[in-house]
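*Asks:* any chance you can model this:
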Amino acid sequence: MSGKAFYITHPQVNVDPEIDVPKWGLNSTGKQRIDGLAEKLAQESSAATKFTIVSSNETKAIETAEPLANVLSSELIIDHLMGENDRSATGFLPPEKFEQVADQFFANPSENILGWESAGDAQKRIVARYNFHRHNHPNFDLIFVGHGAVGTLLYCYLAGEEIDRKFDQTGGGGNFFKIDMASQRALCHWQPIEHLSF
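*Replies:* Have a look, this model is predicted:
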């Protein structure tokens, strides 16, 4: 299998403790960044560009994926198994507490920290969905739209690295890495979506 794939994380979101985290949407900065990326990709695309876009079913991911699918005239597949690691046991956590728990999540991949889905289980899930979609769309390049933690777990798998938070994205989202479909290897570490180019 040849071709390329990209894994993109949603950019900045409206943080609202009164709303379930999976239903958070993009804030104005996040929307501006995605609009800019969509405009750039529209200029780079051609009739020969054939992408399938696969998105998590979380609101912020769909709001990231839809503008890209529109400008690329691509099929958009919503896959609920592409979601972020399940953190429903705690719901919203204040930033300082969240960072502490996220550190433990990556450092102890076999453990369900505070009831969260473990990093090991989340990695198996995201890798399985990645493999499912690449096998089911062999004639298309792929854009996966999702989240920082599961994206990092997929990156670790494709880079041949142990799960470690040192491979996590920075900057609060809106990053990507590129995948070579022939070798099934990540071609780069996280970069801002502004650097994405076909």
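
*Asks:* rest of the way, CA atoms for contacts and neighbours
*Replies:* Noted.

*Asks:* three-state assignment of Ala5?
*Replies:* strand (DSSP: H, G, I helix; E, B strand; the rest coil).

*Asks:* for it, which non-adjacent residue is closest in space?
*Replies:* Using Cα to Cα, 6 or more residues apart in numbering and skipping the chain neighbours, the partner closest in space to Ala5 is Leu142 (4.6 Å).

*Asks:* so how far is Asp121 from the one you found?
*Replies:* The gap separating Leu142 from Asp121 is 23 Å, by Cα to Cα, to the nearest Å.

*Asks:* between the two, which has more neighbouring residues?
*Replies:* Leu142 (24 against 14; other Cα atoms under 10 Å).

*Asks:* now do that one against Leu76, distance only.
*Replies:* From Leu142 to Leu76 the distance is 10 Å (Cα to Cα).

*Asks:* so what sits against both of those two?
*Replies:* The contact sets of Leu142 and Leu76 overlap at Thr52, Ile53, Val54 (Cα atoms under 8 Å, 6 or more residues apart in numbering).

*Asks:* shouldn't the first one be within a helix?
*Replies:* The reference is to Thr52. No - looking at Thr52 with three-state DSSP, it is strand, so not inside a helix.

*Asks:* if it is in a bridge, with which residues?
*Replies:* Glu75, Leu142 (DSSP bridges).

*Asks:* could I get the pLDDT score of it?
*Replies:* Model confidence at Thr52, given as pLDDT, is 95.

*Asks:* check Ala159 too.
*Replies:* Per the predicted model, pLDDT is 97 at Ala159.

*Asks:* verify the contact between it and Trp190 for me.
*Replies:* No - Ala159 is beyond contact range of Trp190, at 11.8 Å (criterion: Cα atoms under 8 Å).

*Asks:* which one's more surrounded, the two?
*Replies:* When Ala159 and Trp190 are compared for neighbours, Trp190 comes out ahead with 24 against 17, by other Cα under 10 Å.
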